[in-house]
Each structure stands twice: as structure tokens, then as C-alpha cells.
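Visitor: Build me a model from this:
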Amino acid sequence: MANADPLHDLHAAAGARFGSPCGVELPLDYGDAAAEYEAVRRGVGLLDHGDCGVLEVTGRDRATFLHAMLSQDVKSLAPGQGAAAAFLDIHGKVQVTLRLLVQDDRILVITPPGLATKTSEALDHYLFSEKAVFRDATGESCMLTLAGPEAAAVAQRLTGTVVAEPEWSHVPARLGDVEVRLVRGDGETGEPEVWLIGAAADGPAVWRAALAAGARPVGLHAKDALRIEAGTPYDGHDVDETVLLPEIPQERLVSHTKGCYIGQEVVVRIRDRGHVNRHLRGLLVEGGRVPVAGAAVLAGDDEVGRVTSAAWSYGRRQPVALAFVKRQHAEPGTPLAVRLDGSVARATVSALPFTR
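Guide: Next up, the predicted model:
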């Protein structure tokens, strides 16, 4: 049984069609996915990230502990700053990707949907004498994202507050009578983003205010097209515990100057003295059929990769996909093919993000 989104009734009132791709009922579109896509590309769209997990980390050693665990430099982050990070195993494989928001007395860790408990348990395994306490705060906040060229301007009109430009910078603000935190996103959609994070009970007020300011609701169909074009891997689809960190776009996830963390030796060895055998790449697929996740990527008759996620690109008017492709065939511009049910579609390798 799918769990309903806390803003379900407001999504429905906006014309949402729902589906449950990950066990949680989510808006697939609001009647015109192409227009939703264009709103993010040219104006401002509104995305609901309320299905994400949230961990609240307190205790005097919270920063030093997370610093030792994660691929990012956590100790250097001051209150009001944040970063994206990865938690790896000792073999350099990605257990989960995370977003960190540092506050005066705590660090908020935003996890992919459904992974808060698993992440907390995995990190707790390494806790010994450190003073760090993890609390699962999933569901306590509304997390709405303004995405598009006008996102920052709309956020400023709503709150009278400007958030700094570095990714995951954040600042407290007020939206009418509602307290929110403005958070600078990292371009999951390929466009500027400002998150509006508030108490779950205030979600309806924040949603209505964003719509009144001109934001257009954006469903999963448009969001997937945008994130694939941006080259944003999605946990559980494009990245999981079988994936080495150097196999995916990692620039935003790693500090190469911070020192030791779990899996660092593998990451550094690959960077300095070796290579990985496959890369996450984009695919431009010809024809009108969107490949399914797991579809074989072919070079002639040989299978050289697998599609991890795919969507219809409303901008390119053709399917786009993310896929792991063997290193020998991963150069952008390489002609390949994708196996569909009963047929094969030609495809071309693209660097990430896709050029526009």
C-alpha cells in the first residue's frame, strides 16, 4: 500500500495524476508534463521533496564524526553552509548520497526517500566514544523546491530574504507568518534551485504561497527528464551499493583535500593510478520509445552496458537515458544501440550533463 504524500489533496487540486513508482504515492504530472518541463527551463517550477528522509545529528562530535565517515569536508562547514556527500564502504562503493545542512546546534542530513533509517543504522555502526546522536526526523518538515531561472527571485519576493549562492547554503526566513529555511540547491534539475523547508504543518501555506507567486507544479515525468539531462544520479536507480564512486559524476560529492574517510584509499588509487571499467553516461536514443531500466546497451552484437533510468525529453523531443557503459565505449559521440522489446534503437553517448 502506497503512503500518501502529506500534500496529496493540494496536488490533486492542482490537477495531479498519481503513481507509486517507489512505494510512495507521488504526482506523475499535472496534466501537461511538457509545460511543467518548460516552466523549470524558462521560469519557475515547484517540486515536492517531502518524500526525502531527514536525520538530525546533535552532540559535540557531530561534525568530526561525519567528517571521518563521509567523502566531503564537513569540519570546515560553518552554520549556514552545507554540502553534498557520499557515504562509502571500504571498497569505495556508494552506500548512499546525502545533503548536509549545518546549523548552530545540529546538522541536518537529507537522505534519498526511504533511506533515513538504513543510513542512521549504518553510521551508528561506526560510533564508539564519539558524542553524536542521530534522530530520524523524516516527515517532520515540508521540503518544496523552486526550480528555474526565476527561482531565487521568487524566493526573495516571498520572504524578503536572499540566500547565498554556494550550493546548500541556507538561511532562516519568514514567509508571512510561517518560518522557513531557504536552501540553495545544487541544480538537480540543471537549473537554479531554492528549497523552502518548514514544518510539515506549514506545508500547505508554503505550497499555496509558491503557486500564488507564479510557480508551476512539476511532476515526476518532467522532473525525471530534467534530472537525467542534468546528469543527476538517483539513489536506487543510477547509483547503489554496487557502484564505485569514481564511476559516477562525483565533483560535488568529494573533497580531495580533507584527508581520510571510509573508502578514500580506493577513490584516490583510482584517481591517481588507475581507471574504472565503466562510466555513467548519457544516451540520446532515437525513435519514440523510452527504454526501460535494465535495458541492454549494445555495440554491434555485444552488450556493453545497461540503462539505469530513462525519460522522454520534452526539450529534445526524444528519449534520453542514463546508463553504465564500458570504458572502451564511453567516449561522448560513440554510436551504440539500446535493446527494446522486439527491436533495437540507435543511440549516441553523451557527456553529462547533456549539452543544450
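Visitor: nearest residue to L26 other than its sequence neighbours?
Guide: L220 (5.5 Å; CB to CB, 6 or more residues apart in numbering). Every residue, glycine included, has its C-beta placed from N, CA and C.
Visitor: Tell me who's in contact with the one you found.
Guide: Shown in contact with L220 (CB atoms under 8 Å, 6 or more residues apart in numbering): G19, P21, L26, P27, L28, D29.
Visitor: Drop anything exposed from the residues you listed.
Guide: When the contacts of L220 are checked for burial by 16 or more other CB atoms under 10 Å, the buried set is G19, L26, P27, L28, D29.
Visitor: which residues sit against the host helix or strand of R271?
Guide: Assigning secondary structure by DSSP states H and E places R271 in helix 264-273. Residues outside helix 264-273 that contact it (CB under 8 Å, 6+ apart) are S71, L88, I90, H91, G92, L244, L245, P246, V254, H256, V276.
Visitor: swap the cut-off to 10 Å and go again
Guide: For helix 264-273, the external contacting residues (CB atoms under 10 Å, 6 or more residues apart in numbering) are 71, 86, 88-93, 244-247, 250, 254, 256, 258, 260-261, 274, 276.
Visitor: Buried subset of those as a PyMOL selection?
Guide: Here is the PyMOL selection string for the buried members of the contacts of helix 264-273, based on 16+ other CB under 10 Å:
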select buried, resi 71+86+88+92+93+244+245+246+247+250+254+258+261+276
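Visitor: And C260, how far from V268?
Guide: In this structure, C260 and V268 are 10 Å apart, going by CB to CB, to the nearest Å.
Visitor: Buried ones in the longest strand seen in the chain, by neighbour count?
Guide: Assignment by DSSP state E gives strand 302-313 as the longest strand of the chain. Across strand 302-313, burial judged by 16+ other CB under 10 Å covers V304, G305, R306, V307, T308, S309, A310, A311, W312, S313.
Visitor: Mind putting these into JSON lines with pLDDT and distance to L196?
Guide: JSON lines is the format used below for the buried residues of strand 302-313 (pLDDT from 0 to 100; distance: CB to CB, whole Å):
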{"residue": "V304", "pLDDT": "98", "distance to L196": "43"}
{"residue": "G305", "pLDDT": "98", "distance to L196": "38"}
{"residue": "R306", "pLDDT": "98", "distance to L196": "36"}
{"residue": "V307", "pLDDT": "98", "distance to L196": "33"}
{"residue": "T308", "pLDDT": "98", "distance to L196": "30"}
{"residue": "S309", "pLDDT": "97", "distance to L196": "26"}
{"residue": "A310", "pLDDT": "98", "distance to L196": "30"}
{"residue": "A311", "pLDDT": "97", "distance to L196": "25"}
{"residue": "W312", "pLDDT": "98", "distance to L196": "28"}
{"residue": "S313", "pLDDT": "97", "distance to L196": "27"}
